[in-house]
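J.: compute the structure for the input listed below.
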Amino acid sequence: VTDDVCPWNARCWRLVVNNQGVGTCDPSDAEADLSMGVQVLGSAYLGGRSISSQAAAGLVQQHRDGAVRELSRSMRADTEPYGTSGF
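T.: Reported below is the predicted structural model:
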């Protein structure tokens, strides 16, 4: 993940989801399967644009075959996130 605003986030992260659907995300020294800006990851996390659609636009670089599809599918949910605070 690259992050120009918060450079302490700019590193490789390992996302693991167990059989119960509980995920963890920890810093990693392993080679990255994907590279993207934090804004791309945030957009996918909040349900705005999938990792796959952003990869098609050239915003995600795949370093391992199938990694885009795996992350894109794992970030989809039956209910999209929504804000609970009004402005």
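J.: distance check, the residue nearest to the spatial centre of the chain against S35.
T.: Residue closest to the average C-alpha location in the chain (CA atoms, centre = their mean): L41, at 4.0 Å. To S35, L41 is 11 Å away according to CB to CB, to the nearest Å. In short, each C-beta sits where N, CA and C put it, glycine included.
J.: same check on A77?
T.: From A77 to S35 the distance is 24 Å (CB to CB).
J.: more neighbours: the two, which one.
T.: Per other CB atoms under 10 Å, whichever of A77 and S35 has more neighbours is S35, with 14 against 8.
J.: contact partners for the nearest residue to that one once chain neighbours are set aside?
T.: Distance criterion CB to CB, 6 or more residues apart in numbering; nearest residue to S35, sequence neighbours excluded, is Q61 at 4.3 Å. Shown in contact with Q61 (CB atoms under 8 Å, 6 or more residues apart in numbering): L34, S35, M36.
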